[in-house]
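# generate a structure from the sequence data that follows.
(chains A and B)
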Number of protein chains: 2
Amino acid sequence: MAKAIVVGGVAGGATAASQLRRLNPDIEIVIYERYDDISYGSCGMPYYIGGDIENRDSLMNMTPGKFMEKNIFVKTGHEVRSVNSEENTVTVFNKNSGKEFTDTYDWLILSPGGSPKQLEAVKDAEQAFSLHRLADLDHIMSYIEKNNVKESVLVGSGYIGLEVTENLTERGIHVTVLQHDERIYKNIEADMNGVLYEAMTEHGVTLKLNTEIDYVDGKQAVLSNGETINAELIITGVGIQPNTGFLNGSGVALHNGQIPINKNCQTNISNIYALGDATITHYQHMPAMLMQAALAWPAHRLAHIIANQISGDKTITHEGFLGTNIVKFFDYHIATLGLSEKEAADVPHFVVDQKQKNKSGYMKDAAPIHVRVYVSVETGIILRAAVVGTAGVDKRIDVLSAHTRLGGTVYDLINIEVGYAPPFSSPKDVINMVGYKAIEKAQKL
Amino acid sequence: MAKAIVVGGVAGGATAASQLRRLNPDIEIVIYERYDDISYGSCGMPYYIGGDIENRDSLMNMTPGKFMEKNIFVKTGHEVRSVNSEENTVTVFNKNSGKEFTDTYDWLILSPGGSPKQLEAVKDAEQAFSLHRLADLDHIMSYIEKNNVKESVLVGSGYIGLEVTENLTERGIHVTVLQHDERIYKNIEADMNGVLYEAMTEHGVTLKLNTEIDYVDGKQAVLSNGETINAELIITGVGIQPNTGFLNGSGVALHNGQIPINKNCQTNISNIYALGDATITHYQHMPAMLMQAALAWPAHRLAHIIANQISGDKTITHEGFLGTNIVKFFDYHIATLGLSEKEAADVPHFVVDQKQKNKSGYMKDAAPIHVRVYVSVETGIILRAAVVGTAGVDKRIDVLSAHTRLGGTVYDLINIEVGYAPPFSSPKDVINMVGYKAIEKAQKL
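Below is the predicted model:
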């Protein structure tokens, strides 16, 4: 019987296995996951801390038992340690038995994900955690409860850092955010991130810029600025590195440690596919430019494509991603899509800024929304968009995403026919106004 | 000096005049408006009743004085009574002086709007109003205050009927809604409108189906079912008829009393343009089918096109409309786009229904959202979409609108890259799921 092996059983791998089974009842499917938990919604974990998610088990989409019902074999505690792409085999270490064995595949699906980068200064502190796996969440929650934590330190300000800061605060735990340099959440423009600072002051979060932990002393952290602060709980969110070490010598090509994929979601080896946080692909709207889509939406999309490819429908292919993303931080919503600011700087462009209310301005709860787009001078395509506000941000980034994906230019935004009623938008919505302004700006170029 | 005359000074006409002046400083522009108020946001009027709009004057975008500063002459109380398209003249009745005069144009912009249909049974009742003009709003508000109104009757259940019902209720006035047949708000599917009934019961609104007012007796209304109810205030919202009687004999072609326009927004006469509620055009995604876009977004869009056309930029043209629309009724949001149900029935199609949460299902405030699309069997284009829920409805209809407008098929919805984080969506958002389901359904056709 033909056999597919999936390396990694979190969102990407588990979804790929499920979809493959749905399309193809006849092949053998095995998932090797090196840790204990599979198929959980890692994006939800911060919200369990704060209480927006009431049931921890609702984070789990599937269990090994449910997979078994679908005739998918899930082996947790099994680490794939090497791949031999000439022999079509993997070497697997069974953590429970301590034994290594070899398994054979017809198709190999790589979804190894990433691991949080470790901070040397906190590596021996029992109160230091990252929030990456479901087990991390369980450890953090039980640590908080056992120690009745009231003071925490959050190192880093990426989207996980922001989400965890909000949710610890919601739980009644004071958070001190440490940022090693002078700018937080670099995914958004420096002159648009003021709302983050505002939200921190509103909600009693303490922020220390240009500050790191030098060392931990019991329940206290000694900082690089000389201060000593309470640190009953330390959570680090300082980035992810792809788990691709096991591919050394496999013949699978890597690019800066990440796995490049083609439009069929194949690696350089035709029966080895990859998806998830360890992959690298290209921008949908700028196909010559590499992009890393370490996000849940792309992982789910690639899972579907891989399942179809393996099942023989080669017409379903991967078109690249825009990298559309959004984060909530207290009352504020921050979203971007497309190139990074740095990447956009290398493409001749002009910028259009529009600040407007998210609904008809005469409504008393109308709130400001700020949209910025970076427009290719050559094509009029939106290279990058950034949206900040307290409501309606997700709508505007999704509309920009749908429009840009189909090749719509910034000028054509004037024609997007929004559903208008005073509680929702304006007869010239902020998205339309970006288009009108872009037309004026382009005429003056 | 070349001269443009605008007939009608509410949203469409006023916007066209402003945009024309912006593009063209050198022509003469005159607006004739038969009533007293110009350039107001009529869509906001219901929300002033309920208090979501605190300042009545915020509904007014512009005053005659502000237009004068832009060198636009506004003549209120001036009714255009006839058009002579061979002589390029209009006959205007000055209500203040009681005199009629003739004016000459190079371009004529028709934005006459519509008038609410009158109900014979209430026409002599002093407490009966429609809500169409700003003066209507003022009369209603002063009537409510003077008479300390606590009981009202709303005849009809179009979007204005719903909005006024909500806002009277918010003001503490009990509303009895009378619907002449057995189905309310026919813009949404009969099997998706249950939320409207639910909202009425939740908020103490009384609904009487298959019921009309037979006659009004003092502060009471005698109904067709024999009941007599308190009717301190009666508001009718039973449809609009286009104000195009003045075009009889003008040479301007009408279609069922509405003014057809071409891609340049011209009527059949090349120097006569039209926009607003009295016009009829075609669907953007089904160009062979007529559609009436009596909505604010299309009026603003056409104003921009007409201004450019008259100013000499013939490249900015009208592509038709999708008719994207949304209404709020208490906690519920109801949106549609595209053909009516009846129109869709004439095009070979299949239906895809998807009910899902508006955000990650494990979030405790995740709420159901229901999306239905009618898909052309031939092209895969979404002929019609309907979305109902309590949050995120506006986002989904706008994304469907942007996607459909650029020719995206239902199958391609799987590729719309939404901004995902648990508070906003799912890694397979409801929009994506509609695409996945459509693919499966099409394979079985």
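# wait, does stretch A:390-400 contact chain B?
Yes. Stretch A:390-400 is in contact with chain B by CB under 8 Å from any CB of the partner chain, via A:392, A:394, A:395, A:397, A:398, A:399. C-beta: built from backbone N, CA, C; applies to glycine.
# got the buried residues for that stretch?
Across stretch A:390-400, burial judged by 16 or more other CB atoms under 10 Å in any protein chain shown covers A:390, A:391, A:392, A:393, A:394, A:395, A:396, A:397, A:398, A:399, A:400.
# surely residue A:9 and residue A:73 touch.
No. Residue A:9 is beyond contact range of residue A:73, at 10.8 Å (criterion: CB atoms under 8 Å).
# of those two, who's got more company?
Just comparing residue A:9 and residue A:73: by other CB atoms under 10 Å in any protein chain shown the higher neighbour count belongs to residue A:9, 31 against 16.
# related to what we said a few turns ago, output the buried residues of stretch A:390-400 as a markdown table; include the columns secondary structure, distance to residue A:280 and pLDDT.
Shown next, in a markdown table, are the buried residues of stretch A:390-400 (DSSP: H, G, I helix; E, B strand; the rest coil; distance: CB to CB, whole Å; pLDDT from 0 to 100):
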| residue | secondary structure | distance to residue A:280 | pLDDT |
| --- | --- | --- | --- |
| A:390 | coil | 34 | 98 |
| A:391 | coil | 34 | 97 |
| A:392 | coil | 32 | 98 |
| A:393 | helix | 27 | 98 |
| A:394 | helix | 26 | 98 |
| A:395 | helix | 29 | 98 |
| A:396 | helix | 28 | 98 |
| A:397 | helix | 23 | 98 |
| A:398 | helix | 24 | 98 |
| A:399 | helix | 27 | 98 |
| A:400 | helix | 23 | 98 |
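# for stretch A:46-57, measure first residue to last.
14 Å (CA to CA, to the nearest Å).
# around chain B, which positions in the stretch 1-150 of chain A sit nearby?
Taking CB under 8 Å from any CB as the contact definition, the stretch 1-150 of chain A meets chain B at A:11, A:41, A:43, A:44, A:47, A:51, A:52, A:53, A:54, A:55, A:58, A:59.
# between the residues you listed, which sits nearest residue A:280?
Using CB to CB, residue A:11 comes nearest to residue A:280 of the residues of the stretch 1-150 of chain A next to chain B, at 17.7 Å.
# and the closest one, how far from residue A:296?
Relative to residue A:296, residue A:11 is positioned 6 Å away (CB to CB, to the nearest Å).
# swap in residue A:118?
Taking CB to CB as the measure, residue A:118 falls 23 Å from residue A:296.
# between the two, which has more neighbouring residues?
The neighbour count for residue A:118 versus residue A:296, taken as other CB under 10 Å, is higher for residue A:296 (26 against 13).
# quick revisit: and the residues of stretch A:390-400 next to chain B as CSV, adding distance to residue B:175?
What follows is those, written out as CSV (distance: CB to CB, whole Å):
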residue, distance to residue B:175
A:392, 29
A:394, 33
A:395, 30
A:397, 38
A:398, 35
A:399, 35
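# now flag whichever of the residues you listed is closest to residue A:5.
Relative to residue A:5, the closest of those is residue A:398; by CB to CB it sits at 35.5 Å.
# residue A:426 falls within a helix, correct?
No. Read with DSSP: H, G, I helix; E, B strand; the rest coil, residue A:426 is coil and lies in no helix.
# find the nearest non-adjacent residue to it, please.
residue A:360 (5.5 Å; CB to CB, 6 or more residues apart in numbering or on different chains).
# and what of residue A:208?
Using CB to CB, 6+ apart and skipping residues adjacent in sequence, the residue nearest residue A:208 is residue A:178, 5.3 Å away.
# all helices of the stretch 151-300 of chain A, in order?
A:159-170, A:194-202, A:296-310 (DSSP state H, counting those that start in this stretch).
# for chain B, find the nearest of these.
Minimum separation from chain B across those (CB to the nearest CB) falls at helix A:296-310, 4.3 Å.
# phi and psi next, for the residue in the stretch 51-200 of chain A positioned nearest to chain B.
Nearest residue of the stretch 51-200 of chain A to chain B: residue A:58, at 3.9 Å (CB to the nearest CB). When quoted as degrees, to the nearest 10, the phi and psi of residue A:58 stand at phi -70, psi -10.
# so who does it touch?
Applying CB atoms under 8 Å, 6 or more residues apart in numbering or on different chains to residue A:58 gives the contacts A:44, B:361, B:362.
# burial count for the residue of the stretch 201-350 of chain A found nearest chain B?
Among the residues of the stretch 201-350 of chain A, residue A:326 lies nearest to chain B; the distance is 3.5 Å by CB to the nearest CB. By other CB under 10 Å, 22 other residues sit near residue A:326.
# do residue A:145 as well
Neighbourhood size, residue A:145 [other CB under 10 Å]: 9.
# tell me the secondary structure at residue A:93.
Classified using three-state DSSP, residue A:93 is strand.
# I'd say it and residue A:78 touch.
Yes. Between residue A:93 and residue A:78 there is a contact under CB under 8 Å: 7.0 Å.
# out of those two, which sits in the more crowded spot?
Of the pair residue A:93 and residue A:78, residue A:78 is the one with more neighbours under other CB under 10 Å, namely 24 against 18.
# list phi and psi for that one.
Dihedral angles (degrees, to the nearest 10) for residue A:78: phi -120, psi 120.
# now, of the contacts of residue A:58, which are buried?
Among the contacts of residue A:58, the ones that count as buried by 16+ other CB under 10 Å are A:44, B:362.
# tabulate the contacts of residue A:58 (TSV), appending pLDDT.
Formatted as TSV, the contacts of residue A:58 follow (pLDDT from 0 to 100):
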residue	pLDDT
A:44	95
B:361	94
B:362	94
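# got the domain ranges for chain A?
Per the record, chain A has its domains at A:3-114+A:241-310, A:118-236, A:332-443, by automatic domain parsing.
# for residue B:368, find the nearest of those domains.
Using CB to CB, the nearest of the domains of chain A to residue B:368 is domain A:3-114+A:241-310, at 16.1 Å.
# just the endpoints, please. Distance across the closest one?
Here the two ends of domain A:3-114+A:241-310 are set 11 Å apart, with distance taken as CA to CA.
# equivalent analysis for stretch A:88-107, please.
This stretch, stretch A:88-107, spans 8 Å end to end (CA to CA).
# what of stretch A:25-36?
Terminal residues of stretch A:25-36 are spaced 26 Å apart (CA to CA).
# let's have the helices of the stretch 151-300 of chain A in TSV, adding mean pLDDT.
Compiled in TSV, the helices of the stretch 151-300 of chain A are given as follows (pLDDT from 0 to 100):
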stretch	mean pLDDT
helix A:159-170	97
helix A:194-202	97
helix A:296-310	97
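# export those helices to a markdown table and tack on distance to chain B?
Below are the helices of the stretch 151-300 of chain A laid out as a markdown table (distance: least, CB to the nearest CB, whole Å):
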| stretch | distance to chain B |
| --- | --- |
| helix A:159-170 | 8 |
| helix A:194-202 | 14 |
| helix A:296-310 | 4 |
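# dump the ones you listed to JSON lines, plus distance to residue A:418.
Listed next are the helices of the stretch 151-300 of chain A as JSON lines, based on distance: least, CB to CB, whole Å:
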{"stretch": "helix A:159-170", "distance to residue A:418": "27"}
{"stretch": "helix A:194-202", "distance to residue A:418": "24"}
{"stretch": "helix A:296-310", "distance to residue A:418": "23"}
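# now stretch A:208-220: average pLDDT?
Averaging pLDDT along stretch A:208-220 yields 97.
# still on that earlier bit, now do the phi/psi pair for the residue of the stretch 201-350 of chain A closest to chain B.
According to degrees, to the nearest 10, residue A:326 has phi -150, psi 150.
# and the gap between residue A:40 and chain B?
10 Å (CB to the nearest CB, to the nearest Å).
# contacts only, for that residue.
Contacts for residue A:40 were tallied using CB under 8 Å, 6+ apart; they are A:10, A:11, A:59, A:60, A:61, A:134.
# and those, which is closest to residue A:242?
Within the contacts of residue A:40, the smallest distance to residue A:242 is 13.5 Å, found for residue A:10 (CB to CB).
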